[in-house]
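K.L.:
Give me coordinates for this.
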Amino acid sequence: MKEPKSGDIWRYPYLWDWQAEQGEEDGRKNRQSLVLMAIAKDNQIYFLSITSQPPRPGQTRIEVPEMERRRAKLDDKRLWVVLEEYNRDSLTDSLYFQPDGYLGEFSKGFMKIIRATFAVQLRARKAKEVARR
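P.N.:
Numbers count the residues shown, from 1 in each chain. As a prediction, the model looks like this:
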């Protein structure tokens, strides 16, 4: 199995914050999700969702450039990385992580932009964590 690392794109049943608030525990479908961080020491992995839905007012999303979509082997349509929420899961005993779900990866340069923007969201307390278990 490929070990997930920052910048990887995996199929993952991402659980939206609104679904968790309604008591749901499973994501409704596998979607393209970005590994923001994989921390072996703490046994944690952090996912950001990738969506074809453009941002609405008040949402912070970064559009995925065409070159990054090709590099990561993603759909050939407009996509955005969602930065207003994220999933936290376990690296070793996740009920949701799929070891065969690797799709591709973003460049280090694009990840630098994503991490910097996400850090601003975290500091402003505008990114909600959805812990999986």
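
K.L.:
The residue nearest the centre of the chain: helix or strand, and which one exactly?
P.N.:
In the chain, the centroid-proximal residue (Cα atoms, centre = their mean) is Leu48; its distance is 1.8 Å. Here Leu48, judged by DSSP states H and E, is contained in strand 44-51.

K.L.:
For Gln32, which three-state class applies?
P.N.:
The three-state label given to Gln32 by DSSP: H, G, I helix; E, B strand; the rest coil is strand.

K.L.:
Summarise which helices and strands the strand holding Leu48 is packed against.
P.N.:
With contacts taken as 3 or more Cβ pairs under 8 Å, 6 or more residues apart in numbering; DSSP states H and E, strand 44-51 sits against strand 8-12, strand 31-39, strand 80-82, strand 85-90. C-beta coordinates here come from the backbone N, C-alpha and C atoms, glycine included.
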